[in-house]
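Novice: When you get a sec, could you give me coordinates for this:
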Amino acid sequence: MFGYAGVMPRVGSRIIPFAGVNHHVRFAGEGRPILFLHGFPLDSTMWDPLLGALPAGWFGIAPDLRGHGGTPAFER
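Specialist: Okay, the predicted model is just below:
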């Protein structure tokens with residue numbers, strides 16, 4: 001999937017420590033934030049086509065929920 005001008009904007013990712021857990025988050029763009037949450041059993045990569053096609057003025061945030069993608073599951 002391509003954004004405007006036929007170029008796929010860069011989708012980045014990083015680990016953000018929060019509440020004792022290292023959460024994996026994908027992101028793209030700049031501007032007003034918009035949060036993309038995945039469903040079971042997927043992870044944040046399902047949003048890459050949309051993150052890559054965000055219009056100017058938007059900052060997409062797609063975290064991996066606990067136990068999916070790069071975010072560890074709850075400890076038992």
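Novice: in the chain, which spans are strands?
Specialist: 12-18, 21-29, 31-35, 57-63 (DSSP state E).
Novice: per-residue confidence averaged over the first one?
Specialist: Which is strand 12-18. Mean per-residue pLDDT for strand 12-18: 94.
Novice: need the helix or strand of this protein with the lowest average pLDDT.
Specialist: Every helix and strand of the chain was ranked by mean pLDDT, DSSP states H and E. The lowest is helix 48-51, at a mean of 92.
Novice: which residues does the residue nearest in space to the middle of the chain bridge with?
Specialist: Nearest to the mean C-alpha position of the chain, counting by C-alpha atoms, centre = their mean, stands A62 at 2.4 Å. Beta-bridge pairing for A62 (DSSP bridges): R26.
Novice: thinking again about what came up before, relative to M46, which of the strands of the chain is closest?
Specialist: strand 57-63 (8.2 Å; C-beta to C-beta). Quick note: C-beta positions are derived from backbone N, CA and C, even for glycine.
Novice: what's in contact with the closest one?
Specialist: 23-38, 44, 47, 50-51, 54, 71 (C-beta atoms under 8 Å, 6 or more residues apart in numbering).
Novice: ok, now with 6 Å
Specialist: 23, 25-36, 44, 47, 51, 54 (C-beta atoms under 6 Å, 6 or more residues apart in numbering).
Novice: Perfect, that will be all.
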